[in-house]
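# A predicted structure for the sequence below; I have some questions about it.
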Amino acid sequence: MLEMGGQIGWGKFILERFEPAAKGASVIVFHSPFATAYGPSSKPVCHFIRGVLGGIFTGIFREEQTIEETHCAAQACPFCLFETHLSLHLVAMTESGLVTDWLHSMKKG
Ligand SMILES: [Zn+2]
């Protein structure tokens, strides 16, 4: 399902984390056409992808999911990062910069 993204021109989707029991998921999107079209921004701009992922994970988890775009390519990030709203621990990590550090270390490895 998520692999379809690239084929329909939405960039490259990677299901970075999936925790069915906790109803938690993270999706990384490279080359979001929305961020490219929008240009530099201080806020995430890929609201359409956020809405679509919300629908997908609401279906998967059978519970209303609100998706947050915690990083956006429009913010000079190399990718967009979307999290289910219930992934609170990861959101907290994101705010403290730990996720960014972790992603940087992953890229090196
Ligand atoms: Zn974005």
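Looks like it came in fine. Values in this document were obtained by computation on a predicted structure and should not be read as measured data. Residues are numbered from 1 along each chain as shown.

# what residues does this structure put near the ion?
Residues of the chain lying close to the ion (Cβ under 5 Å from the ion) are 32, 35, 46, 72, 80. In short, each C-beta sits where N, CA and C put it, glycine included.

# farthest pair in these?
S32 and C72 (7.6 Å; Cβ to Cβ).

# following the longest helix along the chain, which helix or strand comes up?
Looking across the chain with DSSP state H, the single longest helix is helix 47-61. Moving toward the C-terminus from helix 47-61, the next helix or strand (DSSP states H and E) is strand 67-71.

# what helices or strands is that following strand leaning on?
For strand 67-71, the packing partners by 3 or more Cβ pairs under 8 Å, 6 or more residues apart in numbering; DSSP states H and E come out as helix 47-61, strand 80-84, helix 88-96, helix 98-108.

# ok, now with 7 Å
The contact analysis (3 or more Cβ pairs under 7 Å, 6 or more residues apart in numbering; DSSP states H and E) places strand 67-71 against helix 47-61, strand 80-84, helix 88-96.

# strand partners (parallel or antiparallel) of the second one?
Pointing back at strand 80-84 there. strand 24-30 (antiparallel), strand 67-71 (antiparallel) (DSSP bridges).

# let me have those in a markdown table, extended by mean pLDDT and mean neighbour count.
Output for the strands paired with strand 80-84, formatted as a markdown table (pLDDT from 0 to 100; neighbours: other Cβ atoms under 10 Å):
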| stretch | mean pLDDT | mean neighbour count |
| --- | --- | --- |
| strand 24-30 | 93 | 22 |
| strand 67-71 | 94 | 21 |
